[in-house]
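J.: Make a model of this:
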Amino acid sequence: MTPLQFNSFRERLSSASGFQSAQFRELEAVFGRRDQAGAKADAKSGMGMAEHLIAGSPARALVEAAMTRMSLWDSALHYFNSRMAIPKELLSRDVSEAWEPHEGLQNVLIELHRNDPEASMIGEGLVDLDEGLQEWRYRHVKMVERTIGHKIGSGGSSGAGYLASTLFNPVFPDLWAIRSRF
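T.: Down below sits the predicted model:
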């Protein structure tokens, strides 16, 4: 779609925004993203993943519920623990909180990669998912730049600038951190 084609109906979108994509926000939460605490919240509004959705709406309830359940990452930690002991505090953490990279876990992940081909394949599958999500984000930034340039986004964000700030924020940072240690 050309910029002229998009701009022919853009104003009809009003304040509709990708921020309001409950399905995408829920997918991020299922993977393990927990932005509600503000650490990675939208820099312009200070809002996290669910706050952009209408309070009390079924969509917001789904995203908020997903952020309180064990994520794919938390499930992976339990699987990895069944193969090799990982630090106990990681298994009993509050799963509604944002994940912080952990050097002790990274040490275990390196050993699993070296000595457990099955666990290594699971870790690499998670990296594939994470890379795909990051690639989608990049393509989205480029599409927005192509259609609206650096105009304000329809939801009031800085548009392409905000979207670019979401790049290179992996969901599984420990699996990326170990790359330089092999």
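J.: Quick check: nearest residue in space to Met70, chain neighbours excluded?
T.: Leaving out its chain neighbours, the residue that sits closest to Met70 by C-beta to C-beta, 6 or more residues apart in numbering is Val95, at 5.2 Å. Quick note: C-beta positions are derived from backbone N, CA and C, even for glycine.
J.: That neighbour: what's it in contact with?
T.: Contacts for Val95 (C-beta atoms under 8 Å, 6 or more residues apart in numbering) come out as 68-71, 74.
J.: so where's this structure uncertain?
T.: 14-20, 36-52 (pLDDT under 70).
J.: show me where it has helices.
T.: For the chain, helices defined by DSSP state H occupy the ranges 3-7, 22-31, 58-66, 72-83, 88-91, 103-115, 117-148, 160-165, 173-177.
J.: quick one, which of those is nearest to Ser154?
T.: helix 117-148 (8.5 Å; C-beta to C-beta).
J.: quick check: angle from the closest one to helix 22-31?
T.: 150 degrees (axes from the mean of the first three to the mean of the last three C-alpha atoms, to 10 degrees).
J.: for helix 117-148, packing partners?
T.: helix 3-7, helix 22-31, helix 72-83, helix 103-115, helix 160-165, helix 173-177 (3 or more C-beta pairs under 8 Å, 6 or more residues apart in numbering; DSSP states H and E).
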